[in-house]
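A.B. asks: Structure of the sequence below:
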Amino acid sequence: MMQGLLDELRRVLDAGDPASLLAGVDRLTTAVLAHLDHEEEKLVPLLDAVELQGRALRAGRARGSAGGRGR
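C.D. replies: Numbering: from 1, shown residues only. I've put the predicted structure just below:
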């Protein structure tokens, strides 16, 4: 996806026509932002789950080590 957008940007830049350059860059910007929004929708829940698992593991270790103190 991104490689195709970069290739298209190169073609737009090589064309050298200012009117088509602006339109092409606007179109590509919209496409990149849509791609990033899609990636964010997929990645944020996964990263949140990893963070919650890490917190649970750290809390479990803290409880485990606290229970062994003073014996």
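A.B. asks: residues near Gly24, how many?
C.D. replies: 17 (other C-beta atoms under 10 Å). No exception for glycine: its C-beta is placed from N, CA and C like everyone else's.
A.B. asks: Correct me if wrong: it contacts Leu5.
C.D. replies: No: using C-beta atoms under 8 Å, Gly24 makes no contact with Leu5, being 10.8 Å away.
A.B. asks: biggest helix in this protein, by residue count?
C.D. replies: helix 18-67 (DSSP state H).
A.B. asks: can you give me how far that helix is from the chain middle?
C.D. replies: Centroid separation for helix 18-67 versus its chain: 4 Å, with C-alpha atoms, centre = their mean, to the nearest Å.
A.B. asks: For it, name the packing helices and strands.
C.D. replies: If you count contacts as 3 or more C-beta pairs under 8 Å, 6 or more residues apart in numbering; DSSP states H and E, helix 18-67 packs onto helix 2-15.
A.B. asks: List the buried residues for the helix it packs on?
C.D. replies: 9, 12 (16 or more other C-beta atoms under 10 Å).
A.B. asks: what's the average pLDDT for it?
C.D. replies: Mean pLDDT, computed over helix 2-15, is 83.
A.B. asks: thinking again about what came up before, give the rounded mean pLDDT of the longest helix of the chain.
C.D. replies: 86.
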